[in-house]
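>>> Show me the folded form of this:
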Amino acid sequence: METPGTGALRGVPILLKDNIETADMPTTAGSLALVNNAPGRDAPLVARLRDAGAVILGKTNLSEWANIRSSNSTSGWSAVGGLTRNPHALDRNTCGSSSGSGAAVAAGLAPAAIGTETDGSITCPAAINGIVGFKPTVGLVSRTHIVPISHSQDTAGPMTRTVEDAAIVLTAIAGSDPLDAATAEADARKVDYRAALDAGSLTGARIGVMRFAMGYSAKTDAVFEASLEAMRAAGAVIVDIAEGPDMETMGGAEFEVLMYELKHDLNAYLASTDPAQVPTRTLAEVIAFNERTPRELALFGQELFLLAQSKGGLDDPAYVEARATSLRLAGAEGIDRLMREHRVVALIAPTTGPAWTTDVINGDHYAGSASQMPAIAGYPHLTVPMGFVDGLPVGISFIAGRWEDARVLSLGYAFEQLTRAMRPPAFLRSVGEGEALAPLLAPVEP
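Got it, this is the predicted structure:
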């Protein structure tokens, strides 16, 4: 990413996920209910990008409502934007919910995009599209004027072709926002993330391998093992960690939190919009809109919206307990404990498996990922390309504690410089056309 002139991003085109408000474009979250939502205001992170000289190129498609409407959805589809396709193989999924941001950067449409994540929505599409994705510490980047899911877990972050580019963009967008209480410490905590990158940061570093966060893709695990050998050769001390926290209890508690906060936070956002542009003023009204709009429910339903609508307020003891449980298991008894007991500076695992074939009938075929603990705890999570599985990219995750964003980026940068695993997509119609698989799919000549 070239950055001439005084602004760190002067002249750099950047795409925004279509749940981030800009003064000059509608912000739809992929929903026809918000198709006219143009309140004429920039989200603070957009204002920071403009101040740094960036050119806002446009909005990217996303999994509708950031993939919180249905548990049987097709990632990368929205009623407004249609289906986003993976540029490595067009019949493969882009993951979500920052689907268009990941695909656009991979396809070379822009050097950088902004995604948002509640749990995996930056890191999964980044890994599956073969680019860098960084979910910052929650509270480092403002969430004001971004269509929300969860004030506990939501954050925006950069999606780029290199770790250096991610660091440049993060430096531009990080900072406190008086309208977002979570960012109160951001000005004091932020640094020049590009200047903090060190290609030698793996040397002597103790890195914890989350063995309990693997096993859903044997071929991905094989690429990951080769990555561990490369890190060992570079002087890293690799420490196996066999057991993590109670993931089932943690996941159940997280789900409860998201359902309660979705209702509360989305209602608050809708109330901030112009009623002449957005007639649906509450989650309940969005549900009713979907029921009378055939395109919205043609491929999958809204059972998560319905469940969220049934929840009480944030003073409900069930919500309070769920948040305390999920945060404890992911943070104090999760990432914090693992790093302390094993004396490591970061945790790593495969980010997720390779892209699955898009299936608009049955929904996603999603095997698992490393995103849940850092998402719940609000800790930084970086994915970097580590290689390919039958022509499809896979990523490696670097995770650490709260406000350890610079360390995570530096370790990922060192890995990137060591392996140089990123390569541009071939825009194949199917993965079967690639050089890895095409010979195996052809008949043997007699």
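>>> What separation is there between residue 257 and residue 153?
Counting by C-beta to C-beta, to the nearest Å, the gap from residue 257 to residue 153 is 8 Å. Glycine gets a C-beta too; all of them are placed from N, C-alpha and C.
>>> residues touching the most centrally placed residue in the chain, list them.
Centroid-nearest residue in the chain, with C-alpha atoms, centre = their mean: residue 122, separated by 1.3 Å. Applying C-beta atoms under 8 Å, 6 or more residues apart in numbering to residue 122 gives the contacts 98, 101, 115, 116, 133, 134, 135, 157, 159.
>>> Tell me the backbone dihedrals of it, please.
Note on residue 122: backbone dihedrals following degrees, to the nearest 10 are phi -100, psi -50.
>>> Flag the shaky bits of the stretch 1-150 of the chain, pLDDT-wise.
1-6 (pLDDT under 70).
>>> mind listing the helices for it?
44-51, 64-67, 99-107, 123-129 (DSSP state H, counting those that start in this stretch).
>>> Out of these, flag the one nearest residue 217.
Of all these, helix 123-129 sits nearest to residue 217, with 11.3 Å by C-beta to C-beta.
>>> What helices and strands are in contact with the closest one?
helix 99-107, strand 112-117, strand 132-135, strand 381-389, strand 392-399 (3 or more C-beta pairs under 8 Å, 6 or more residues apart in numbering; DSSP states H and E).
>>> What does the residue nearest to residue 376 when sequence neighbours are not counted show for phi and psi?
In space, and not counting its chain neighbours, residue 376 is closest to residue 330: 3.7 Å by C-beta to C-beta, 6 or more residues apart in numbering. The phi/psi pair for residue 330 (degrees, to the nearest 10) reads phi -80, psi -40.
>>> Residue 330 contacts residue 381, doesn't it?
No - at 11.5 Å, residue 330 does not count as touching residue 381 under the criterion of C-beta atoms under 8 Å.
>>> Can you pull the residues that touch both of the two?
With C-beta under 8 Å, 6+ apart, residue 330 and residue 381 have common neighbours 374, 375.
>>> neighbour count winner among those two?
residue 381 (32 against 27; other C-beta atoms under 10 Å).
>>> and the more buried one, bridged to which residues?
Counting by DSSP bridges, residue 381 is bridged to residue 135, residue 399.
>>> quick one: it and residue 408 touch, right?
Yes - in this structure, residue 381 is within contact of residue 408 by C-beta under 8 Å, at 7.4 Å.
>>> what touches both of the two?
What both residue 381 and residue 408 touch, as defined by C-beta under 8 Å, 6+ apart, is the set 134, 398, 399.
>>> Which pLDDT does the model give residue 435?
Looking at residue 435, its pLDDT reads 88.
>>> burial measure for it, as a count.
What residue 435 shows, counting by other C-beta under 10 Å, is a neighbour count of 9.
>>> Tell me the secondary structure of it, please.
coil (DSSP: H, G, I helix; E, B strand; the rest coil).
>>> show me where the stretch 151-300 of the chain has helices.
Under DSSP H, counting those that start in this stretch, the stretch 151-300 of the chain gives helices at 163-173, 186-189, 218-233, 247-271, 283-291.
>>> which residues sit against the shortest one?
Here helix 186-189 makes contact (C-beta under 8 Å, 6+ apart) with 137, 139, 140, 141, 142, 174, 175, 176, 177, 403.
>>> out of those residues, who has the most neighbours?
residue 141 (31 neighbours).
>>> who's in contact with that residue?
Here residue 141 is in contact with 45, 155, 156, 157, 170, 173, 174, 175, 183, 186 (C-beta under 8 Å, 6+ apart).
>>> Give me the neighbour count for the nearest residue to residue 264 once chain neighbours are set aside.
Distances taken as C-beta to C-beta, 6+ apart put residue 314 closest to residue 264, at 5.5 Å, once the chain neighbours are dropped. Burial of residue 314 is recorded as 15 neighbouring residues (other C-beta under 10 Å).
>>> Skipping adjacent residues, who's closest to residue 44 in space?
Closest to residue 44 by C-beta to C-beta, 6+ apart is residue 142, at 4.2 Å.
>>> quick one: the residue nearest to the centre of the chain and residue 391, what's the gap?
From residue 122 to residue 391 the distance is 23 Å (C-beta to C-beta).
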